[in-house]
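[1] coordinates for the following, if possible.
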Amino acid sequence: MTKCVFLDRDGVINRDNPNYTYTVGAFEILPGVVEATRLLRQAGFRLIVITNQSGIAQGIYTEAQMHACHAYFQQVSNNSIDHFYFCPHHPSVTESLARKPGTLMFEKAMARFSTDIASSWMVGDRGRDLIPARKLGIKTIQIGDEVEVENKGDYQVNSLLEAARLIITN
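    This is a model prediction of the structure:
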């Protein structure tokens with residue numbers, strides 16, 4: 001069984017942009033993220049990104065543009081992410097069971113990596129990132145201070161680096 005850290009992308013790895021982040025030039029990696037991924041890898045965790053990318057279905061950007069951002073992050077972080085799962089759908093265009101707060105992307109990752117749920121974590125910046133993890137019994141950490149009382153994480157921190165340190169010591 002494998003211990004995993006599931007990561008939301010926008011707001012956890014890169015600066016969130018309400019108008020979407022889909023070019024490498026605009027893909028601003030947040031402070032401490034590369035160090036956090038290194039620490040988690042050294043502690044034996046698989047790192048899996050679980051991200052809604054609804055701008056694809058809405059025609060705002062292409063899947064190729066998204067993949068270019070992911071390739072850039074992999075280059076900068078020494079290929080720290082084991083796999084990127086993304087849902088390109090948006091309810092105004094197409095429905096999908098994969099879209100968070102659905103659990104399908106998590107379930108695919110858990111099957112692929114033989115995930116030990118009791119030793120795994122989800123880090124997100126919004127309640128909808130944490131809902132599917134909670135449904136599956138995965139511990140949750142919320143980054144930032146935009147807390148929805150009904151969907152708050154088991155822990156709250158200010159950065160992925162702080163989350164990594166908490167995960168490693170628990």
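[2] list the helices and strands the longest helix along the chain packs on?
    Counting residues, the longest helix found in the chain (DSSP state H) is helix 63-76. Applying 3 or more CB pairs under 8 Å, 6 or more residues apart in numbering; DSSP states H and E, one finds that helix 63-76 contacts no other helix or strand. C-beta coordinates here come from the backbone N, C-alpha and C atoms, glycine included.
[3] report the buried residues of that helix.
    65-66, 68-70, 72-73 (16 or more other CB atoms under 10 Å).
[4] and stretch 76-87, by the same measure?
    Judged by neighbour count using 16+ other CB under 10 Å, the buried positions of stretch 76-87 are 77, 80-82, 84-87.
[5] looking at these, spot the one nearest Ile138.
    Set against Ile138, the nearest of the buried residues of stretch 76-87 by CB to CB is Tyr85 (14.2 Å).
[6] mind listing the residues bridging to that closest one?
    Beta bridges link Tyr85 to Ile50, judged by DSSP bridges.
[7] that one against Gln53, yeah?
    No. In this structure Tyr85 lies outside contact range of Gln53 using CB atoms under 8 Å: 10.2 Å.
[8] what residue ranges in this structure score low on pLDDT?
    Applying pLDDT under 70 to the chain flags residues 147, 149.
[9] can you map out the strands along it?
    Ranges of strands within the chain are 4-7, 46-52, 83-87, 121-124, 139-143, 155-157, based on DSSP state E.
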